[in-house]
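Visitor: fold the following and give me the result.
(chains A and B)
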2 protein chains.
Amino acid sequence: MELYVNFELPPEAEEELRKYFKIVRGGDLGNVEAALVSRITAEELAKMPRLKFIQVVTAGLDHLPWESIPPHVTVAGNAGSNADAVAEFALALLLAPYKRIIQYGEKMKRGDYGRDVEIPLIQGEKVAVLGLGEIGTRVGKILAALGAQVRGFSRTPKEGPWRFTNSLEEALREARAAVCALPLNKHTRGLVKYQHLALMAEDAVFVNVGRAEVLDRDGVLRILKERPQFIFASDVWWGRNDFAKDAEFFSLPNVVATPWVAGGYGNERVWRQMVMEAVRNLITYATGGRPRNIAKREDYI
Amino acid sequence: MELYVNFELPPEAEEELRKYFKIVRGGDLGNVEAALVSRITAEELAKMPRLKFIQVVTAGLDHLPWESIPPHVTVAGNAGSNADAVAEFALALLLAPYKRIIQYGEKMKRGDYGRDVEIPLIQGEKVAVLGLGEIGTRVGKILAALGAQVRGFSRTPKEGPWRFTNSLEEALREARAAVCALPLNKHTRGLVKYQHLALMAEDAVFVNVGRAEVLDRDGVLRILKERPQFIFASDVWWGRNDFAKDAEFFSLPNVVATPWVAGGYGNERVWRQMVMEAVRNLITYATGGRPRNIAKREDYI
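Guide: Numbers count the residues shown, from 1 in each chain, chains lettered A, B, ... in the order given. I've put the predicted structure just below:
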């Protein structure tokens, strides 16, 4: 079976794939049946008339050119492959501002030793987890173990140490903190608006490790300007890898920004794990099994 | 029964104590049998010949004038009363530098969007927890839930999701991170030296939420100067509340400092919880029960 790959593979992934596939990187793609990609263009797709299966390395699938993918082509994502790393990062993005580590750290460096900043507790506080996939589930469990009253929000009910709700308002109302790990699709694009953020506590911390586009950009900017105590801590930005487009956020005192490094971009081992997880799913496909993380086309078109 | 109190009580604590004690704040202390204090001097003690029981509000007992406390006086500490708050803070002090939130946050603010800093994982890494009391136990459980290989160190074996050791060397060897929540007593004073820190990974993060004096000050300074990637994140300092005495640490780029705010000093609710916990222990004493957290005199003298 011919497999199209358009990025540099770690050696262990290449070795494993060669047992099942003929790897094709360019030239005639007429006999390609499967593709292993991080991103793919409409032009590439047009050269693969016999394509049946696309395995994506990233957890999110929002960036694919869905209109150019024929309906008979199966698309598999890679949710969960970087979940440990992203969940750790989400907790760090939450706790660093929430426990005032950054604020006190800066004060101490300038010789201001006053204890005038109250440090909120996680224990006993209302905390929202938006999205109960692999990442949200891990974050929810840790926050519950820390004694938070966790409210879990997602489209479909999921059991865990949280009070489930499918109402965004109920999840965020009076919450002292929120962690967003929602996937970006047509149901979630622009979902979190100013009026939702305004339901949270005055000094809430909102963390995003999903996709920026789940949040309304103007709404986030407005709450940050209206509420100096509200903190937005995010690894993902509307300009995607063009961070300069969101520079107006980074200069605000109540923003903690990181450049999309929670998962594979921030750690080589995580990236290799993600590729190997994708490789295993491809082998499942090649050997007639049922691959995991099959995308629902209707979530994107 | 007469009770000596030398600090301002929250109203709910005063109300509860009045049901069992006559509260004395000065004047003739000759009939005082019990004392509720955060700190106490040899002069105060000399005025209380009939003193039998001292209840301390703080978790640590290292600051008491032990030489001036007669052996027949029972001293009770308050370990665990602020453990939730301190454990949360310890995790935040660890994760903020470990996951490079502070470093990337600063880079983004100055318009440097490069992803050139590798972010270590907690999952799968060796992490040491020094001290397996109420705080260390909580921290160890969370780190284990995040998938770390936790090594638990204390004087006496304690079961939990860690590999127990009573060897400091074994706990710290190749550890990527350590959280110290040891009590300060004659066994732990100056326990953690340069040679122990040097056993850790080159880019390890060492967190201290116990007492500064458990660590050898010169040893910490030496490792920080020798290893620019080694990070020391601490809430407690050798100068105690006189933070200026340790200012040379705060100016180092590989130090994250906070001014002893993990527990009651950083949150009013935590302080009130601590006082109420101490009040309950005093009432246990007054009603003939067995108070918790009785100190071993020989740990301090």
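
Visitor: please make it C-alpha for all contacts and neighbour counts, starting now.
Guide: OK.

Visitor: next up, the contacts around the most centrally placed residue in chain A.
Guide: Against the mean C-alpha coordinate of chain A, by C-alpha atoms, centre = their mean, the closest residue is residue A:210 at 2.8 Å. Going by C-alpha atoms under 8 Å, 6 or more residues apart in numbering or on different chains, residue A:210 touches A:180-184, A:236.

Visitor: same thing with residue A:278?
Guide: Per C-alpha under 8 Å, 6+ apart, neighbours of residue A:278: A:36, A:55-57, A:78.

Visitor: same deal with residue A:74?
Guide: Contacts of residue A:74 by C-alpha under 8 Å, 6+ apart are A:52-54, A:294-295.

Visitor: from those residues, which land in strands?
Guide: Counting by DSSP state E, the contacts of residue A:74 place A:53-54 in strands.

Visitor: now do the contacts for residue A:195.
Guide: Taking C-alpha under 8 Å, 6+ apart, one finds residue A:219 in contact with residue A:195.

Visitor: again, only using 10 Å
Guide: For residue A:195, the contact set (C-alpha atoms under 10 Å, 6 or more residues apart in numbering or on different chains) comprises A:169, A:219-220, A:223.

Visitor: just the residues you listed that are near chain B?
Guide: Among the contacts of residue A:195, no residue sits close to chain B (C-alpha under 10 Å from any C-alpha of the partner chain).

Visitor: quick check, nearest of those to chain B?
Guide: residue A:220 (17.8 Å; C-alpha to the nearest C-alpha).

Visitor: and the next helix or strand past the helix or strand in which that closest one is found?
Guide: Residue A:220 belongs to helix A:217-226 when elements are defined using DSSP states H and E. Downstream of helix A:217-226, the first helix or strand assigned by DSSP H and E is strand A:231-234.

Visitor: direction included, what does that next one pair up with?
Guide: Strand A:231-234 sits in its sheet next to strand A:205-208 (parallel), strand A:255-257 (parallel), going by DSSP bridges.

Visitor: chain A: strands as residue ranges?
Guide: A:2-5, A:22-24, A:32-37, A:53-56, A:74-76, A:126-130, A:149-153, A:163-165, A:177-180, A:205-208, A:231-234, A:255-257.

Visitor: enumerate every residue touching residue A:131.
Guide: The contact partners of residue A:131, taken as C-alpha under 10 Å, 6+ apart, are A:137, A:140, A:152-156, A:158, A:179-183, A:210.

Visitor: quick check: the gap between it and residue A:137.
Guide: 8 Å (C-alpha to C-alpha, to the nearest Å).

Visitor: what touches both of those two?
Guide: With C-alpha under 10 Å, 6+ apart, residue A:131 and residue A:137 have common neighbours A:152, A:158, A:181.

Visitor: ok, now which ones touch the closest residue to residue A:99 other than its chain neighbours?
Guide: In space, and not counting its chain neighbours, residue A:99 is closest to residue A:119: 5.5 Å by C-alpha to C-alpha, 6 or more residues apart in numbering or on different chains. For residue A:119, the contact set (C-alpha under 10 Å, 6+ apart) comprises A:97-101, A:104, B:85, B:89, B:261-270.

Visitor: so among these, which ones count as buried?
Guide: A:97-101, A:104, B:85, B:89, B:261-267, B:269-270 (16 or more other C-alpha atoms under 10 Å in any protein chain shown).

Visitor: buried sites along the helix ranked longest in chain A?
Guide: Counting residues, the longest helix found in chain A (DSSP state H) is helix A:268-286. Residues A:269-283, A:285-286 are the ones in helix A:268-286 that count as buried (16+ other C-alpha under 10 Å).

Visitor: what's the mean pLDDT across that helix?
Guide: In this model, helix A:268-286 carries a mean pLDDT of 94.

Visitor: could you check the angle that helix makes with strand A:32-37?
Guide: Relative orientation of helix A:268-286 versus strand A:32-37 (axes from the mean of the first three to the mean of the last three C-alpha atoms, to 10 degrees): 160 degrees.
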